[in-house]
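Q: sequence first, predicted model second:
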Amino acid sequence: MMFGSTMLEVAIGLLFVYLLLSLLCSAVGEYIEARFNNRAKYLKEGITLLLNDTAGGGVDLAAQLYAHGLVRPFYRDGTKLPSYIPSRTFALALWNMASTAAAGDGSGGAAGVTADLKAVRAAVAAHLPNRELRTALLTLIDEAQGDVEKARRNIEEWYDGMMDRVSGWYKRRTTVLMLLLGCVVAAVVNADTLNIANTLARDGALRSSLVAAAEQRIRTPLPTTTAAGTPQELDAQATRNLQSAQDAVNELGLPIGWTRATADNRNDRRRVPDTFGDFFLKLVGILVTGFAISQGAPFWFDILNKFMVVRSTVKPAEKSGEQPSKDRPAPKTEIETGETENAEPAKG
């Protein structure tokens with residue numbers, strides 16, 4: 001049972017390391033996102049695909065939508081593109097653009113949103129130069145069968161469908177990015193799974209400290225990422241998360257980090273490998289760590305919780321010892337039998 005308990009604690013220690021390194025990896029990803037605003041770029045790419053002809057030509061309606069009064073407040077700090085535009089805002093802005101074209105009174109586009117669906121349809125059919133968008137809008141309007149509210153809902157659902165695609169693009173990119181970041185982080189800090197597991201199996205004090213730290217950590221919710229705020233606020237938040245994750249990793253006391261290979265540190269597992277065998281094992285350990293932490297902190301947080309539940313059931317069983325069965329009662333104690341080791345025989 002003690003061997004099983006040791007293996008369980010080694011597993012918990014590894015899961016805890018993966019959790020903290022995943023938080024560090026996520027913090028690096030947040031910092032990159034805050035700097036380059038990639039989510040907003042994907043959003044604009046999706047809206048451009050909706051409103052502009054893929055073959056070129058026509059009018060840049062995507063630029064007009066981004067300049068619309070309903071969309072401008074979503075800009076971050078008034079300059080950076082928004083990373084999110086609600087579907088109703090998109091539908092109303094596009095409907096206003098269509099209503100303005102339907103008005104055709106030379107007033108400079110002051111029309112609001114018209115309830116005259118026939119006029120809007122006629123304006124789209126006659127004046128919209130973007131062939132792909134014209135086909136889509138006419139289909140959505142005709143499907144509404146004269147109901148203005150339904151026509152606008154159709155546009156919202158059409159937009160939501162594209163946003164699902166945009167989310168898929170962004171998720172795939174994030175998956176690849178996290179895998180690359182995971183390997184880079186593991187290599188930079190020399191987080192070798194094989195080395196860490198071997199150290200935890202040999203060092204009971206370190207293993208116990210990691211398990212205790214894991215118990216404390218699972219009581220704290222994972223940090224959340226906020227997409228709102230100015231670029232400066234997002235940069236500051238990403239920097240704080242990055243520093244917090246780095247401090248948590250440094251406090252573990254694990255044999256991570258790099259040292260130069262010398263004749264005096266042959267047994268130091270942090271040393272740079274100088275043989276093919278050592279290099280191969282180091283590469284495998286780092287790649288395993290990189291793949292593991294790329295799964296994300298929520299994944300390892302849930303797995304760690306489950307392992308802690310298992311440990312909480314194993315520990316009491318170890319402390320209580322073997323329990324007698326109903327068919328084999330416990331042996332009587334010396335007090336119960338009236339005999340002791342040094343008792344003298346009764347004199348008759």
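A: Structure received.
Q: ranges for the helices of the chain?
A: Here the chain has its helices, by DSSP state H, at 2-36, 38-51, 61-66, 87-103, 117-127, 131-143, 148-189, 193-202, 204-217, 231-250, 276-293, 297-320, 334-337.
Q: for residue 260, find the nearest of those.
A: Each of the helices of the chain has some distance to residue 260 by C-beta to C-beta; the shortest is helix 276-293, at 13.7 Å. All C-beta atoms are positioned from the backbone trio N, CA, C, and that covers glycine.
Q: next, residue 222: phi, psi?
A: phi -70, psi 150 (degrees, to the nearest 10).
Q: what's the burial count for it?
A: 16 (other C-beta atoms under 10 Å).
Q: my read is that residue 179 contacts residue 290, right?
A: Yes. Between residue 179 and residue 290 there is a contact at 7.2 Å, judged by C-beta atoms under 8 Å.
Q: where among the helices of the chain is average confidence lowest?
A: The minimum mean pLDDT among these belongs to helix 334-337 (a mean of 46).
Q: from residue 11, how far out is residue 300?
A: Separation of residue 300 from residue 11 (C-beta to C-beta, to the nearest Å): 12 Å.
Q: so between these two, which is more surrounded?
A: Higher neighbour count among residue 300 and residue 11: residue 300, with 23 against 17, using other C-beta under 10 Å.
Q: which ones are touching the closest residue to residue 258 other than its chain neighbours?
A: Excluding the flanking residues, the one nearest residue 258 by C-beta to C-beta, 6 or more residues apart in numbering is residue 190, at 5.0 Å. Shown in contact with residue 190 (C-beta atoms under 8 Å, 6 or more residues apart in numbering): 256, 257, 258, 270, 286.
Q: compile those into CSV and extend it with columns for distance to residue 121.
A: Shown next, in CSV, are those (distance: C-beta to C-beta, whole Å):
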residue, distance to residue 121
256, 65
257, 67
258, 68
270, 71
286, 61
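Q: ok, those vs residue 56, which is closest?
A: If you rank these by distance to residue 56 using C-beta to C-beta, residue 286 comes first, at 46.1 Å.
Q: contact partners for that closest one?
A: Contacts of residue 286 by C-beta under 8 Å, 6+ apart are 183, 186, 187, 190, 191, 192, 193.
Q: hmm, try it at 6 Å
A: 186, 187, 192 (C-beta atoms under 6 Å, 6 or more residues apart in numbering).
Q: equivalent analysis for residue 207, please.
A: Residue 207 neighbours (C-beta under 6 Å, 6+ apart): 9, 13, 200.
Q: hang on, the earlier thing: which of residue 179 and residue 290 has more neighbours?
A: residue 290 (23 against 16).
Q: grab the nearest non-local neighbour of that one.
A: Using C-beta to C-beta, 6+ apart and skipping the chain neighbours, the partner closest in space to residue 290 is residue 183 (3.4 Å).
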